[in-house]
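In: From the sequence below, what's the structure:
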Amino acid sequence: MPAAALKPKPFPTQSTAQHPVLFDSPYEPLTKRPLAAGRPREWYVSHNRRLKAMRLAIALLDSGVYLPAQASDATIRTTAQDIGMRPPSDTTCHMVRAFMRYSR
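Out: Coordinates of the predicted model:
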């Protein structure tokens, strides 16, 4: 009989991780690397804006804001201040809500 058949299957809600995952709080971002040169400036601006919006969307989800309607500009800017980020522009706030809307 194969060894895999002897191991009990985990329940659907049971973690299959071999060790517990540690969440570090407060969050420290990874060291930044320079982006490759050769693209137009607008690409770098939009790339950094997407990264910032994604970080903010993750922070909002971690704080319990699950719906885009709950994420007002003030809520997004407060969250940015809480995680040590500069306040986002209106365009970035709109992008955060779009990430929350389309991630489902």
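In: Next SSE downstream of the least confident helix or strand in the chain by mean pLDDT?
Out: Sorting the helices and strands of the chain by mean pLDDT, DSSP states H and E puts helix 3-6 at the bottom, at a mean of 62. Scanning forward in sequence from helix 3-6 by DSSP states H and E, the next helix or strand is helix 41-63.
In: Which positions in that next one come out as buried?
Out: Neighbour-count burial for helix 41-63, counted by 16 or more other CB atoms under 10 Å, picks out 52-53, 55-60. For glycine as for every other residue, the C-beta is placed from the backbone atoms N, C-alpha and C.
In: any weak-confidence spans in this structure?
Out: 1-29, 103-104 (pLDDT under 70).
In: Nearest residue to the middle of it?
Out: For the chain, residue 58 is the residue whose C-alpha lies nearest the centre (CA atoms, centre = their mean; 3.0 Å).
In: Residue 52 versus that residue, what's the distance?
Out: 11 Å (CB to CB, to the nearest Å).
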